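A.B. asks: could you look at this predicted model? Sequence included:
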Amino acid sequence: MRYWIGILILLLVAPIVSTAEWNQFRGPNGSGVAVNSKPPVNLDPSRPTWKVAVPVGHSSPVLWGGKLFLTGVVDSRLVTLAFDKATGKRLWQRQAPEAQLERVHQASSHAAPTPVVDKGRVYVYFGSFGMLCYDHDGRELWQKKLPVPRTLYGTSSSPVEYEKLIILVLDDDNNLPRSRLSRSKVIAINKANGDTKWETQRPFHRSGWSTPVILRHSEGAELVVLGNGRLCGYALPGGRELWHVTGFSRETISAPVVANGMVLASASRRGGGGNDKVDPEPFWKSVIHFDQNKDGKLQRKEMTGHFTFPFRPELPYGHPGYGMPLPKDPPQRARRLDGIFGWLDKNRDGDWTREEFKANFSHGNGKPLLIAVKPGGRGDITSTHLAWEHNRGIPEIPSPLAHEGRVFMVRSGGILTAVNATSGKPLYSERLGASGQYSASPILANGHLYLASEPGQITVVKAGDELEVVHQARLNDFIYVSPAFDTDTLYVRSAKFLWAFRKGK
């Protein structure tokens, strides 16, 4: 009897993973792992299985049966599209009702949330409108207008499904009347008709960009949501808040994952710093690039062109995520630059020297964090239910991936970090030889990680205790979103195209 009870507990604790359908952001329960999938390891961008043009958008592909679904923006209208997986032929395209488009960051999109698909329906969320439900042939079944969240960079959290519900996190910078509490909430929607089943307020949360995950354990199921400053667990199916863990930075983007019966969640320090101690040298090299008279110092009059204070020095100058946003209005921009210069020119001699810059350097706030949370807690469990904590190599945007006792993270600059999933002890942190920003999260099939950089380089790595790069291929297009798998194919959405790489074809 004890043996069978043990088996039952293991089944309950293990993440529920489909062997066939990549039906939401990062596949089954957001794991990023495709079971029983054998896509090609060697990719030839000059000879894809097929390649078709797609509209702009940052939603990832989702799959069901013979169809692939994604969203985009065409002529300032939000659209949902379906493609034939075998050929890439576009099967249908549907416009959302006309809506005023929300303000989004230059590096994001109005079509950033990834749809959810089940056996008969496709559920789509646009921050500028709300939820839409179609059948697989493109017939609209219902629509649900939702308030547009006010966020720093635009909406990106994707909906997830749980039994008969579609669950959506709507974190918001708007305050409730006569209160400093926010309008943030979790909402559960009836799959059948779009009716709201329940709402749970998140009064201490401001805008966030993470997608939730379902944790199943011996005591039931929970919705786990990463938001600014804290990770929270909510009882399912009812939505009551059960627990929270503090310590995260203001800006949380990556999605939690489930491994070894625990929740793993990560966030870099605000501004993208991935290590507890930040090396100021790359930041100095970035600003001294603007030293026009080559005297090894930076003067205020040299702060021209794309100059701004760098947040992510590994990015190209002028990239929208490179540094501190500055006003476009020339007088306002000049005043802001005056403030930046005065901030580090402590001795007021009119120069930044390397020594002065490094001595007074500060970057971001909060600390980079990857934690493993044990189930079963109630209330503030920060000091009681953490299995371990890791503070180096933490990505800003990509989510972690857990597989066979290891956790993998890829951060900007092309640095892949692996840690032991049981203890949090580091295995390695090494460069892939594929630099640039990383927005797409790692995905895994048949023992291999697939890592896509924004400049369009895909690196295939064998999942093990040491870094082993198996293959690299460069698409001549940018990649901002996570790819998808089915049993034998890798699907990649780049800035302009949708690509299929099928094994043996």
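C.D. replies: Everything's here; your move.

A.B. asks: what's the following helix or strand after the helix or strand that contains Arg216?
C.D. replies: Assigned by DSSP states H and E, Arg216 falls within strand 213-217. As assigned by DSSP H and E, the chain's next helix or strand after strand 213-217 is strand 220-227.

A.B. asks: and the very next helix or strand once past that following strand, what's its mean pLDDT?
C.D. replies: Towards the C-terminus, the helix or strand next in line after strand 220-227, according to DSSP H and E, is strand 230-236. Averaged across strand 230-236, pLDDT comes to 95.

A.B. asks: just after strand 230-236, pick out the following helix or strand.
C.D. replies: As assigned by DSSP H and E, the chain's next helix or strand after strand 230-236 is strand 241-246.

A.B. asks: helices and strands of this structure: which one bottoms out on pLDDT?
C.D. replies: When the helices and strands of the chain are scored by mean pLDDT, DSSP states H and E, helix 2-13 comes last with a mean of 40.

A.B. asks: adjacent strands (with direction) for the strand holding Arg216?
C.D. replies: Neighbouring strands of strand 213-217 in its sheet, by DSSP bridges, are strand 220-227 (antiparallel).

A.B. asks: buried residues in the partner strand, which are they?
C.D. replies: Of the residues in strand 220-227, those with enough neighbours to count as buried (16 or more other Cβ atoms under 10 Å) are 221-227. (Glycine included, C-beta is placed from N, CA and C.)

A.B. asks: cool, stretch 149-162 as well?
C.D. replies: Neighbour counts over stretch 149-162 (16+ other Cβ under 10 Å) mark 149-151, 153-162 as buried.

A.B. asks: convert the strand holding Arg216 to CSV, retaining C-alpha atoms only.
C.D. replies: Written as CSV, here are the backbone C-alpha positions of strand 213-217 (Å, rounded to 0.1, in the frame of the first residue of the first chain):
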residue,chain,number,x,y,z
VAL,A,213,2.1,28.4,-14.4
ILE,A,214,0.0,25.6,-12.8
LEU,A,215,1.5,23.7,-9.8
ARG,A,216,0.0,20.3,-9.0
HIS,A,217,1.0,18.7,-5.8
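
A.B. asks: make TSV out of the buried residues of strand 220-227 and add distance to Val73 and pLDDT.
C.D. replies: As requested, those are arranged in TSV below (distance: Cβ to Cβ, whole Å; pLDDT from 0 to 100):
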residue	distance to Val73	pLDDT
Ala221	35	95
Glu222	34	97
Leu223	29	98
Val224	30	97
Val225	27	97
Leu226	27	95
Gly227	26	91
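
A.B. asks: using a markdown table, lay out the residues you listed together with distance to His105.
C.D. replies: Written out in a markdown table, the entries for the buried residues of strand 220-227 read as follows (distance: Cβ to Cβ, whole Å):
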| residue | distance to His105 |
| --- | --- |
| Ala221 | 34 |
| Glu222 | 31 |
| Leu223 | 26 |
| Val224 | 25 |
| Val225 | 21 |
| Leu226 | 19 |
| Gly227 | 18 |
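
A.B. asks: Val410: which element?
C.D. replies: With elements taken from DSSP H and E, the one containing Val410 is strand 406-411.

A.B. asks: in its sheet, what does that strand sit against?
C.D. replies: Here strand 406-411 is paired, per DSSP bridges, with strand 401-403 (antiparallel), strand 415-420 (antiparallel).

A.B. asks: tell me the mean pLDDT for stretch 474-491?
C.D. replies: The average pLDDT within stretch 474-491 is 97.

A.B. asks: ok so, going back, which one of the buried residues of stretch 149-162 is nearest Arg47?
C.D. replies: Taking Cβ to Cβ as the measure, Ser158 is the one of these closest to Arg47, at 31.7 Å.

A.B. asks: and that closest one, how far from Ile189?
C.D. replies: For Ser158, the distance to Ile189 (Cβ to Cβ, to the nearest Å) stands at 14 Å.
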